[in-house]
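K.L.:
compute the structure for the input listed below.
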Amino acid sequence: MISIKNSSGTTLSILGTKTATYDIIYASLSITSQTTTPVSINPGQTATRSMTISNGSFGQLEEFLFADITSAGKFIYSDFRLNPASTNKAIPVSAITTSGDSLKVKFDKAIIKLIGDGDETFELNENFVLQYKITVNPCCPAGTVTSKLITQWGCEGQICQTATDNTPSVSVTSVQPNLTFSVKTSSPRCFDTPAKQTIVIANTTAYAATNVKVQFGPVNTTPNFDNTQQLYLAGPYSYRIKNNGTPQTAGTTQLATSTNACAPAGSATRMETTIPTIAPGDTAYVEFYTISCCVTTCNAAYNPRRWGYSGTYSGACAATTYTRSIVTGQNETYTANTFSLDAPLQVYYGQTFTMEVLSNGNSIPTLYNTAPAYLEYKYTIPAGFVFSGNAADFSFIDAGGINRAPNYFDYTGGVLTVRFNAPISFSQTRSRTLLKLKAQCGTSGNKTLSFQSQFVNDPTCSTGCGALPTQCSTIVTELLCPGGTCTQGMNWATYDIQRITLGSPDNNNDSSPDASGTLDLAKINRFMVGDTLRAMYTGTVKTSVAFPSFAFGYATASVTNADEIGDARYSVQIIRGANRYTCTNLAATVTGTTTKVFTYDFSAAALIAKSCLPAGFAFINGDSVVVTAKYTKLNQVKRT
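P.N.:
Predicted coordinates for the structure are as follows:
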């Protein structure tokens, strides 16, 4: 049936009239053999997409469209080619457009002429290979990105046919720049000398790190940045890219100021350096200086160079910030060594005794144990005690029992100084020194013996800045000066106390008896469970016209920290010319607990009752009396 529409818009039908049958010929496009290589890529990397486009029908096309539809912003397209394995013709940029999520390529007569049989139509069974590059946007998140490939065609400028033949996918992997941090440190011997420090930041990945911020400064043991430490920062502050790069001084900001009085006012204790970009494979060097406080306080812990750093950075899209927590970059710290000093509690005029110093730890730093460093001991000897000045009366014995001779020995103005030059091969731990002294009466009473130990890194440094803090200890010994103004009564002449229970020698300090050798008597000034101490008091009776004789006599000993000490009896010997009277196994009168007072009665009546003295005995001028008391150790509790 044929319908005719007139000028007025009325449709007229002519019934019963038929035309001949016509075949409508149309094109049929398809996309085959699609490949994307590689199918798994990282942001910023490029893949190649290739496909074959064919006309499988009799219809001829003078133009058609190809589209690659992908989520907007995922890919960047480039390098469009026809038949890259043969003619390898480039598609003009003017034929390529992008809009929203679509890439479109318009194939017109000029481009169609480059394919097939060379005419300007795309005909039956003609095909070509289309190839182009896909670069993943550097900010593309990880995941699978699926594209839809279509062809569109029609006639008279109208699109009436669309074919969707492929939905290829690309797997975008998760990538991020990875910065590795390390340090290069320096430790000048003089602590107040600026020490150059370097934080090394290497980008070991193929992705740039941006907005790299590095903070650095003194830290505590946690570690956390700490404004109170014995360390502060100093410039110039800079960074450089590559080992031979030009130092950049921009981008450093002070974040904190020292609160330690040893640092100059306003001294920085935390700085931040910003590096805009560290490219793949590049290494950045952040450089600064540290200055240590000089500490001269006795027995101080010292942290001259303990600092740390932290960092943050982003990838190329700055969508994620990666953090490097605070870590310690340099940890040069020293704890105070301790020493145990030992000397008699009391010494009497003319008595020779030994002062012992035992080192409980080691204060010889490996870092500085080379020339011109040395370890120094100083002994300050008070008036009333005399040192001979002879090196033979001083000894330093290490933990292995080896006697070490000092490199320097000087006794001036009551101060003995000895030094051991670096490199020092022995450890201080469990080493001991023995100093022989003699009591010389002038003024009796408590006398303080002082000891100092110090490791000196470099004697040429300014005062206190080339050495570790001094380790200081003292011990008090009472000087007894009997006689003098005594005109009547008991003139005590000597007093002595020592341990009388002895074992085998252990001169190599291995806690086992030595097979041979002699006992080192300097080691018996300790009181152990089961040991016995013997105290001897010696005096001479002095009479006068008013007191021609005496009937009563007592010796009294006050012993501190005596709660674990028991009385083991005492004896008395009285010497009158050729006659000697001895009384043994006498019991002392004991009062007190922690401090005990032991009273030894040698009155004539008490000793006559013990049948030690003849009846009618009385003390007369010139009689000598020796009281010998013994004490036992009951339990192992450390006392002095």
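K.L.:
by residue count, what's the longest helix in the chain?
P.N.:
Secondary structure of the chain per DSSP state H: the longest helix is helix 604-609.
K.L.:
quick one: mean pLDDT for that one?
P.N.:
Across helix 604-609, pLDDT averages out at 94.
K.L.:
likewise for stretch 505-523?
P.N.:
Computed over stretch 505-523, the average pLDDT equals 66.
K.L.:
and for stretch 326-346?
P.N.:
92.
K.L.:
quick check: buried residues in the longest helix of the chain?
P.N.:
604, 606-607 (16 or more other C-beta atoms under 10 Å). For glycine as for every other residue, the C-beta is placed from the backbone atoms N, C-alpha and C.
K.L.:
out of the residues you listed, which is nearest to K213?
P.N.:
Ranked by distance to K213 (C-beta to C-beta), the buried residues of helix 604-609 are led by A606 at 89.4 Å.
K.L.:
sketch out the low-pLDDT regions of the stretch 401-550 of the chain for me.
P.N.:
482-485, 503, 506-512, 519-528 (pLDDT under 70).
K.L.:
please enumerate the strands of it.
P.N.:
408-412, 415-421, 432-439, 445-456, 471-480, 489-499, 532-542 (DSSP state E, counting those that start in this stretch).
K.L.:
quick one: closest of these to T135.
P.N.:
strand 445-456 (62.8 Å).
K.L.:
distance between the ends of stretch 478-490?
P.N.:
Criterion C-alpha to C-alpha, to the nearest Å; first-to-last residue distance in stretch 478-490 is 20 Å.
K.L.:
on that earlier part again, I'd like the next helix or strand past the longest helix of the chain.
P.N.:
Per DSSP states H and E, the first helix or strand lying C-terminal to helix 604-609 is strand 624-633.
K.L.:
show me what that next one is packed up against.
P.N.:
If you count contacts as 3 or more C-beta pairs under 8 Å, 6 or more residues apart in numbering; DSSP states H and E, strand 624-633 packs onto strand 532-542, strand 554-559, strand 565-576, strand 596-601.
K.L.:
tell me which of those sits nearest to I69.
P.N.:
Per C-beta to C-beta, nearest to I69 of these: strand 565-576, 99.6 Å.
K.L.:
including mean neighbour count and distance to P92, could the helices and strands packed on strand 624-633 go into a markdown table?
P.N.:
Output for the helices and strands packed on strand 624-633, formatted as a markdown table (neighbours: other C-beta atoms under 10 Å; distance: least, C-beta to C-beta, whole Å):
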| stretch | mean neighbour count | distance to P92 |
| --- | --- | --- |
| strand 532-542 | 18 | 112 |
| strand 554-559 | 16 | 112 |
| strand 565-576 | 18 | 110 |
| strand 596-601 | 18 | 113 |
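K.L.:
turn these into TSV, including distance to I31.
P.N.:
What follows is the helices and strands packed on strand 624-633, written out as TSV (distance: least, C-beta to C-beta, whole Å):
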stretch	distance to I31
strand 532-542	108
strand 554-559	108
strand 565-576	106
strand 596-601	109
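K.L.:
for Q60, which of these is the nearest?
P.N.:
So among the helices and strands packed on strand 624-633, strand 565-576 is nearest, using C-beta to C-beta, at 123.9 Å.
K.L.:
helices or strands up against the closest one?
P.N.:
Secondary elements touching strand 565-576 (3+ C-beta pairs under 8 Å, 6+ apart): strand 579-586, strand 596-601, strand 624-633.
K.L.:
measure the nearest residue to T532 once chain neighbours are set aside to V529 for me?
P.N.:
Leaving aside its sequence neighbours, T532 sits nearest to T501 (C-beta to C-beta, 6 or more residues apart in numbering; 4.9 Å). Distance of T501 to V529, computed by C-beta to C-beta, to the nearest Å: 11 Å.
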